[in-house]
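J.: Take this sequence and fold it.
(2 chains)
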Number of protein chains: 2
Amino acid sequence: MDFPFTPLIKKLPATIPFIGPETFEREVGRVFKARVGANESAFGISPKARQAMVDAVDSVGWYNDPENYDLRLALAQQYNVSVDEVGVAGGIDDLLGLVVRAFLEPGQVTVASAGSYLTYHYHIAGFDAVSHTVPYRNDRNDLDALFDAVHKTGSRLVYLSTPDNPTGTWHTAAEQQAFIDALPENCICILDEAYFEFAPGDAVLPIHPHDPRVIRMRTFSKAHGMAGVRVGYAIAHPEIVTSFDKIRLHFNVNRIAQIGALASLGDQVFIRWVVDQVRAGRAEYETLGCDLDLPTLPSATNFVAFDCGTPERAQHIHDALIERSVFVRKPAVSPLDRLVRVTVGAPEERAEFAEVLREVC
Amino acid sequence: MDFPFTPLIKKLPATIPFIGPETFEREVGRVFKARVGANESAFGISPKARQAMVDAVDSVGWYNDPENYDLRLALAQQYNVSVDEVGVAGGIDDLLGLVVRAFLEPGQVTVASAGSYLTYHYHIAGFDAVSHTVPYRNDRNDLDALFDAVHKTGSRLVYLSTPDNPTGTWHTAAEQQAFIDALPENCICILDEAYFEFAPGDAVLPIHPHDPRVIRMRTFSKAHGMAGVRVGYAIAHPEIVTSFDKIRLHFNVNRIAQIGALASLGDQVFIRWVVDQVRAGRAEYETLGCDLDLPTLPSATNFVAFDCGTPERAQHIHDALIERSVFVRKPAVSPLDRLVRVTVGAPEERAEFAEVLREVC
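T.: I've put the predicted structure just below:
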């Protein structure tokens, strides 16, 4: 049968932007000894979030609130914004899809760095829009090149992740503000701040949700340690948040996730503890990199990129680590393809990783 | 600022197909005494699913498996199909959006009954496709009219829910098969079987996933009692399942949900118990309807539609119930707008509902 798919569906590949560690494990028939490839938190969840989620299991017979109201209200209070300036969805992944769908028609262009978050590019292809990419420079997003590309293409959307994935590098709040101020009218900046909790104070742009030019995206997946529950949020102009309500899945955040995120948000002491743990782990990785002639990039995230010098050496080290049951990732696109990206694991995972890395080198 | 939204986004309303009971509660400042409006299960979850989800809370630091592999494998075994014939997503709501996106271009037509599942029509509007609707006949989907509409419009997709929501009525497997067999080539039938566990044996079509003309959609929201965790699945031809993998959110089912659904699937004893409870509750509602001159429609679901005779009387009874803190729903579209739809609650909720209904009548 010739299925009556749309022409776009016929041409798209079936793909998963990030092959899960479970898939590797199924293929080789053994589990990873250290899971430090997906920037998952190794430091658990808030005890308050844990208890709230355990308790929530008994109420899953009821649908989740389609307005995500309680969580949005708590986020609004946390950031001193209005509840209609907060949109909640199933992770930043979900939010990025909504933004692409809300702003881009088939054939229209959006600008991002080459090698930036794959799921953003997945959504762009999925809605038949076009990625215009510019290379990283000195392992940072190249703000000048992004700006030039926006002007040249007339793009309505530019994507910037800071602190950045997969490099770990960042721009200061002043640099971010200057970049946004210079954008042409009718161009919106997606500011992916998945790792903002780990950033120095001067690297987090103050929140002005009435500024229509920026969509801030944040998540409970990293510092909050809740990647598996799928909660992300956007802080943006109310008209942008309203645009999500025209197209989003209404039950986009499961009930246990809503309740857990709300409790975790209320436990900032736990978040500060996680950030401290991660800082200590990053320092350990830096020392290790020095020892092994694998200099590390500066990082304001929960991972560290080791510079292996050449794509060949990076591939060799990546493959050897995977072979030895240490799950890490390597960017595919030049000039980032010299890097191996390693999440700050728990102390025992870091020891395991260090031992294997020494062996490999 | 004139936001650079797409023309479609500018014209769509911000809407929630089903206003949640929480929204009513926030508006009036009190909680419902009986929550029997959203066809949520009143009979809890499998103890195995409960324990599995409680245990899963401790692993939410890890991302969920983007392939939903374990759950798909278990479903494949349960239905004696291949794993690539099973697609898993965040409820039937999510699956319906994927199907609309995979098959319909802007302006293309799909056929369904007028008054059928609102979220399907929400997705159709959200992808700029067109709903062609035909009225219910004798409170059942009118298969002849659906068939005629497919031929007249050249539709690629026809939606049929059986057992049906919001009426509770059903078609036999033989009727369903004849309907599918008569469809033109290049027209796919979405068979929404959210309530199939409650149906008589001869009302469930045998599964032939190699039949390219049918997409079966099922859920853990109803008999499994897990509406709040958001898991639905499709059984369909592998090419159709693959089409979802081109556009779906990869982390579409949260980790606790994956693990809970897997455990619940393994506890069919519990499901049979729920089905028995629901059958007893339906019989109680039928007796009540007889007593109060509100005849009930036959139901193969976990809810019962009470026929109030006229839209005005239905509206009056609906509003009076809501006023008295009993959450029920009333279809908006003729000829179903004479009905009030009431979920089979737990015994104490049924007693509460019966008392209030007697008072109202």
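J.: drop to CA atoms for contacts and neighbour counts, all remaining ones
T.: Will do.
J.: Show me which residues of the stretch 51-200 of chain A sit near chain B.
T.: A:53-54, A:57-67, A:90, A:93-94, A:102-105, A:123, A:126, A:156, A:186-187 (C-alpha under 8 Å from any C-alpha of the partner chain).
J.: From the residues you listed, keep the buried residues only.
T.: A:53-54, A:57-67, A:90, A:93-94, A:102-105, A:123, A:126, A:156, A:186-187 (16 or more other C-alpha atoms under 10 Å in any protein chain shown).
J.: average pLDDT across the host helix or strand of A:Asp181?
T.: Here A:Asp181, judged by DSSP states H and E, is contained in helix A:173-182. Mean pLDDT, computed over helix A:173-182, is 97.
J.: ok, now stretch A:260-275?
T.: The model assigns stretch A:260-275 a mean pLDDT of 98.
J.: what's the answer for stretch A:13-20, then?
T.: 88.
J.: List the buried residues of that stretch.
T.: Those would be A:16, A:20, for stretch A:13-20 by 16+ other C-alpha under 10 Å.
J.: wait, does that stretch contact chain B?
T.: Yes. Stretch A:13-20 reaches chain B (C-alpha under 8 Å from any C-alpha) through A:13-16, A:19-20.
J.: Residues touching that stretch, excluding its own?
T.: A:118-119, A:122, B:65-67, B:242-243, B:245-247, B:250 (C-alpha atoms under 8 Å, 6 or more residues apart in numbering or on different chains).
J.: same thing with stretch A:188-199?
T.: Contacts for stretch A:188-199 (C-alpha under 8 Å, 6+ apart): A:92, A:156-164, A:180, A:204, A:212-219, A:221-223, A:275, A:300-302.
J.: Would you write out the PyMOL command that picks the buried residues out of the residues you listed?
T.: A single PyMOL command selects the buried members of those (16+ other C-alpha under 10 Å):
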select buried, chain A and resi 92+156+157+158+159+160+161+162+163+164+180+204+212+213+214+215+216+217+218+219+221+222+223+275+300+301+302
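J.: Give me the subset of the contacts of stretch A:188-199 that lies in strands.
T.: A:157-161, A:214-219 (DSSP state E).
J.: Which of those sits closest to A:Tyr285?
T.: A:Ser161 (22.5 Å; C-alpha to C-alpha).
J.: Any idea what that closest one is bridged to?
T.: A:Asp192 (DSSP bridges).
J.: How is A:Ile190 assigned, secondary-structure-wise?
T.: strand (DSSP: H, G, I helix; E, B strand; the rest coil).
J.: how many other residues sit next to it?
T.: Look at A:Ile190: counted by other C-alpha atoms under 10 Å in any protein chain shown, it has 21 neighbours.
J.: on that earlier part again, now the residues of stretch A:13-20 next to chain B in CSV, please, with extra columns for secondary structure.
T.: Formatted as CSV, the residues of stretch A:13-20 next to chain B follow (three-state DSSP):
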residue, secondary structure
A:Pro13, coil
A:Ala14, coil
A:Thr15, coil
A:Ile16, coil
A:Ile19, coil
A:Gly20, coil
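J.: Which ones among the buried ones among the residues of the stretch 51-200 of chain A next to chain B map onto helices?
T.: Counting by DSSP state H, these place A:53-54, A:93-94, A:102-103, A:123, A:126 in helices.
J.: quick revisit: now, of the contacts of stretch A:13-20, which are buried?
T.: A:119, A:122, B:65-67, B:242-243, B:245-247, B:250.
J.: Now render the residues you listed as JSON lines, adding pLDDT and distance to B:Asp142.
T.: Below are those laid out as JSON lines (pLDDT from 0 to 100; distance: C-alpha to C-alpha, whole Å):
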{"residue": "A:Thr119", "pLDDT": "97", "distance to B:Asp142": "42"}
{"residue": "A:Tyr122", "pLDDT": "98", "distance to B:Asp142": "40"}
{"residue": "B:Asp65", "pLDDT": "97", "distance to B:Asp142": "41"}
{"residue": "B:Pro66", "pLDDT": "97", "distance to B:Asp142": "39"}
{"residue": "B:Glu67", "pLDDT": "97", "distance to B:Asp142": "37"}
{"residue": "B:Thr242", "pLDDT": "97", "distance to B:Asp142": "31"}
{"residue": "B:Ser243", "pLDDT": "98", "distance to B:Asp142": "30"}
{"residue": "B:Asp245", "pLDDT": "97", "distance to B:Asp142": "33"}
{"residue": "B:Lys246", "pLDDT": "98", "distance to B:Asp142": "34"}
{"residue": "B:Ile247", "pLDDT": "98", "distance to B:Asp142": "32"}
{"residue": "B:His250", "pLDDT": "96", "distance to B:Asp142": "37"}
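J.: The residues you listed: which two are farthest apart?
T.: Top of the distance list for the buried ones among the contacts of stretch A:13-20 (C-alpha to C-alpha): B:Asp65 and B:Ser243, 18.7 Å.
J.: lowest-confidence helix or strand of chain A?
T.: Within chain A, no helix or strand scores below helix A:21-28, which has a mean of 90 by mean pLDDT, DSSP states H and E.
J.: in it, what's buried?
T.: Neighbour-count burial for helix A:21-28 [16+ other C-alpha under 10 Å]: A:21-22, A:24.
J.: from those residues, which is closest to chain B?
T.: Comparing these against chain B with C-alpha to the nearest C-alpha places A:Glu22 closest, at 6.5 Å.
J.: pretty sure the closest one contacts B:Tyr63?
T.: No. A:Glu22 lies out of contact with B:Tyr63 (C-alpha atoms under 8 Å); the separation is 10.0 Å.
J.: what is in contact with the two at once?
T.: Contacts common to A:Glu22 and B:Tyr63, judged by C-alpha under 8 Å, 6+ apart, are absent.
J.: circling back to that earlier point, touching chain B at all, the least confident helix or strand of chain A?
T.: Yes. Using C-alpha under 8 Å from any C-alpha, helix A:21-28 comes into contact with chain B via A:Glu22.
J.: Now do that helix: everything it contacts.
T.: A:31-32, A:35, A:327, B:65.
J.: Inside strands: which ones of these?
T.: Filtering the contacts of helix A:21-28 for strands - DSSP E - leaves A:35, A:327.
J.: Identify, from the contacts of helix A:21-28, the entry nearest to B:Ala261.
T.: Closest to B:Ala261, out of all of the contacts of helix A:21-28 and judged by C-alpha to C-alpha, is B:Asp65, at 13.7 Å.
J.: Against B:Ile259, how distant is the closest one?
T.: Distance, B:Asp65 to B:Ile259, using C-alpha to C-alpha, to the nearest Å: 10 Å.
J.: now the angle from the helix holding A:Asp181 to strand A:157-161?
T.: Angle between the axes of helix A:173-182 and strand A:157-161 is 180 degrees (criterion: axes from the mean of the first three to the mean of the last three C-alpha atoms, to 10 degrees).
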